[in-house]
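In: sequence and predicted structure below; questions after.
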Amino acid sequence: MPLVVLLHYLLWTLVLRRSRKWNLDFLTGIEPLVGIMRQTTNLTIPSQGPSALRSLAELFPSATPLRISILVGVARGKGHLLEESTVIEFGTSTMVFFESRLPLELTDKLHLENFDQSLETDAVVVAIRDGVSHRAIAARFVAEVRNWIVQG
């Protein structure tokens, strides 16, 4: 273990020296943090582009913004069920759009259910777009949903 610590220290000091940020006062705590904060006052944060979900929903002109919490379930081998809580962000009369971390693929059959069970239906994944941390999913209802809010 001490060898690992020594290697870590040597690599860290090499990185600091190469990046020209080697400052012994900073490491010992003598330099005030206010000085460091002043150095980053002109920092600009790049604006985020449109999300993967929004750009996927824009492919369907009748998509309407929504906010409906749901539970998504998908069956995997040997009857294993994967579930995730997410939010329907856009919808049409026959489709829903949401973000997911589940390992979904095109043509996967999903079960969608909201918490008061007024929406309980099956859908099929028809489009996927990869995002930064989630995947944008478009799923089409398998059958007509009578009490669905969005009318087409």
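Out: Alright, I've got the coordinates.

In: right, and the helix or strand after the helix or strand bottoming out on mean pLDDT in the chain?
Out: One helix or strand of the chain scores below all others by mean pLDDT, DSSP states H and E: helix 33-39, with a mean of 43. Using DSSP states H and E, the helix or strand that follows helix 33-39 in sequence is helix 52-57.

In: other SSEs contacting the helix or strand following that following helix?
Out: Per DSSP H and E, the first helix or strand lying C-terminal to helix 52-57 is strand 64-76. With contacts defined as 3 or more CB pairs under 8 Å, 6 or more residues apart in numbering; DSSP states H and E, strand 64-76 has these neighbours: strand 80-91, strand 95-100, strand 109-114. Where you see a C-beta, it was placed from the backbone N, CA and C, and this is true even at glycine.

In: pull out the buried residues from strand 64-76.
Out: Across strand 64-76, burial judged by 16 or more other CB atoms under 10 Å covers 68, 70, 72-74.

In: just name the closest of these to residue 149, please.
Out: Lowest distance from residue 149 to the buried residues of strand 64-76 (CB to CB) belongs to residue 68, with 7.9 Å.

In: looks like residue 76 contacts residue 102 (just checking).
Out: No. Judged on CB atoms under 8 Å, residue 76 makes no contact with residue 102 at a distance of 9.6 Å.

In: which neighbours do these two have in common?
Out: Common contacts of residue 76 and residue 102, defined by CB atoms under 8 Å, 6 or more residues apart in numbering, comprise residue 82.

In: ok, residue 82 - how many residues close by?
Out: By the criterion of other CB atoms under 10 Å, residue 82 has 15 neighbours.

In: and it, what does it touch?
Out: So residue 82 contacts 73-76, 102-103 (CB under 8 Å, 6+ apart).

In: if I look at it, how far off is residue 51?
Out: Per CB to CB, to the nearest Å, residue 82 is found 23 Å from residue 51.
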